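Participant: Quick one: sequence and predicted model below, then my questions.
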Amino acid sequence: MKILIVDDFSTMRRIIKNLLRDLGYNNTQEADDGLTALPMLKGGGFDFLVTDWNMPGMQGIDLLREVRADADLASLPVLMVTAEQKREQIVEAAEAGVNGYIVKPFTAQTLKEKIDKIFERIEAGG
Amino acid sequence: MASDTQESPAELNFAQDGDILTHAEELVLALKQGDSERASALLDYISSARDSGLYNEVGKMARQLHDAMDNFCRETRIDELAEEEIPDARVRLRHVIDMTQKSADKSLTAVENTLPKCDSLSARIDELGSSWQHFKKREMSVEQFRALSKQLETFFVEAEKDTSDIRNGLNDIMMAQDFQDLTGQIITRVIELVEEVEGNLVELVRLTGERMNQGDEKKVEKSAIDAEGPQVPGVAAGNAVNGQDEVDDLLSSLGF
């Protein structure tokens, strides 16, 4: 499975990359904001998107909207991993079609649970 | 003042040193009598008297404000703050970002180098453990025992090197934490600067008076979903959730 990790801080990208590797996902690529991520996603081949919210250029919520608006990407599972934790923001992300929402700081266990849940739901056709 | 440019009221025979009320009464009388010329001159006079009072007041206020600002600048080193210390604080805070970035990179590199060694050590221990069980159960030929013996010898040498590498990696992670002390000191100094600037701003608001209070209504409305960055303990969090459990509860209430 090919995963794109989008975060403006390289440290967080490395942490997520390492956690994903521990979970058996070795094929990851990185982007530092939505503007960089979108062409990579449109280039094709990604099965999963993990994105931060607060980034310069294009924010994660806008990247999510762009993904959902693109016919080829509309069904791409998106997990948001962010320090943004206002109720309005979580509701907004849900309405924009996010598949999972993790607030920072998070644990490896939380990441595993959310990813498992996303794929369980997709396999169940939900 | 204004009376210099107008027709002199003196020519219309009324006293210029009386108060406004007297002139107003005269104005009413002139209007009643239909003396429009006199009424108009009286109106001009009253108006110019009021204007000159206003100009004087504004002038006085401008002078007071100028003096107050002069004193303010002398007493608060506002120039120094604006020209040197705030740009300096910006550089310091960027340095904090650099230091935390370097520290995180150093730690992550150490972890990335150490984890495979732990995994490989664990795999070799499993393998040797299984061979050892065969040996104990006398399920091993002499040839196999010789191979095990050789494996063990290699393992002892490699394990010593690997554990030493793991120790070095852990030491690197420990040393990478030195940023906390340094960034703490820098941030403390920036907090002191912010406090000083805050004090000065309060003083400035006091000097400029109540007019500043009316500015409250003009506060730019922030959208509820604008990105705010990490929640900081003690800073008003608004309508924020408290941890992942509340995020999960909220999402499940939305059908997730």
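Facilitator: Nice, I can see it. Residues are numbered from 1 along each chain as shown, chains lettered A, B, ... in the order given.
Participant: Now for A:N26, how many residues are close by?
Facilitator: Counted with other C-beta atoms under 10 Å in any protein chain shown, residues neighbouring A:N26 total 11. C-betas here are computed from N, CA, C, even on glycine.
Participant: Helices of chain A, start to end?
Facilitator: Along chain A, counting by DSSP state H, helices occupy A:10-22, A:34-42, A:60-69, A:87-96, A:108-123.
Participant: Can I get those in JSON lines including mean pLDDT, mean neighbour count and distance to chain B?
Facilitator: Shown next, in JSON lines, are the helices of chain A (pLDDT from 0 to 100; neighbours: other C-beta atoms under 10 Å in any protein chain shown; distance: least, C-beta to the nearest C-beta, whole Å):
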{"stretch": "helix A:10-22", "mean pLDDT": "89", "mean neighbour count": "18", "distance to chain B": "4"}
{"stretch": "helix A:34-42", "mean pLDDT": "97", "mean neighbour count": "18", "distance to chain B": "12"}
{"stretch": "helix A:60-69", "mean pLDDT": "97", "mean neighbour count": "21", "distance to chain B": "7"}
{"stretch": "helix A:87-96", "mean pLDDT": "96", "mean neighbour count": "19", "distance to chain B": "4"}
{"stretch": "helix A:108-123", "mean pLDDT": "92", "mean neighbour count": "15", "distance to chain B": "6"}
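Participant: can I get the ones you listed in JSON lines with distance to A:L76?
Facilitator: JSON lines is the format used below for the helices of chain A (distance: least, C-beta to C-beta, whole Å):
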{"stretch": "helix A:10-22", "distance to A:L76": "16"}
{"stretch": "helix A:34-42", "distance to A:L76": "7"}
{"stretch": "helix A:60-69", "distance to A:L76": "6"}
{"stretch": "helix A:87-96", "distance to A:L76": "13"}
{"stretch": "helix A:108-123", "distance to A:L76": "11"}
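Participant: Go through these and name the closest to B:S107.
Facilitator: Closest of those to B:S107 is helix A:10-22, at 8.9 Å (criterion: C-beta to C-beta).
Participant: That closest one: how far from the chain's middle?
Facilitator: Chain-centre distance of helix A:10-22: 13 Å, with C-alpha atoms, centre = their mean, to the nearest Å.
Participant: next one: stretch A:111-124
Facilitator: Chain-centre distance of stretch A:111-124: 13 Å, with C-alpha atoms, centre = their mean.
Participant: Could you do stretch B:117-125 as well?
Facilitator: Remark: stretch B:117-125 is offset 47 Å from the chain centroid, using C-alpha atoms, centre = their mean.
Participant: Can you list the buried residues in it?
Facilitator: Of the residues in stretch B:117-125, B:K117, B:L121, B:R124 count as buried by neighbour count, 16 or more other C-beta atoms under 10 Å in any protein chain shown.
Participant: Check stretch B:131-139 too.
Facilitator: In stretch B:131-139, counting by 16+ other C-beta under 10 Å, buried: B:S131.
Participant: Is chain A within reach of the longest helix anywhere in chain B?
Facilitator: Longest helix in chain B, counting residues (DSSP H): helix B:86-136. Yes. Contact of helix B:86-136 with chain A (C-beta under 8 Å from any C-beta of the partner chain) involves B:T100, B:Q101, B:A104, B:D105, B:L108, B:V111, B:E112, B:L115.
Participant: since we're on the last one, how many residues are nearby?
Facilitator: Here the count is done by other C-beta under 10 Å, and B:L115 has 15 residues near it.
Participant: same question, B:V91
Facilitator: B:V91, neighbours per other C-beta under 10 Å, totals 9.
Participant: I'd like to know which of the helices of chain A is closest to B:I46.
Facilitator: Set against B:I46 and scored by C-beta to C-beta, these come closest in helix A:87-96, at 58.5 Å.
Participant: which residues touch the closest one?
Facilitator: Helix A:87-96 has contacts (C-beta atoms under 8 Å, 6 or more residues apart in numbering or on different chains) with A:53, A:61, A:64-65, A:68, A:80, A:101, B:224-225, B:227, B:239-241, B:247, B:250-251, B:254, B:256.
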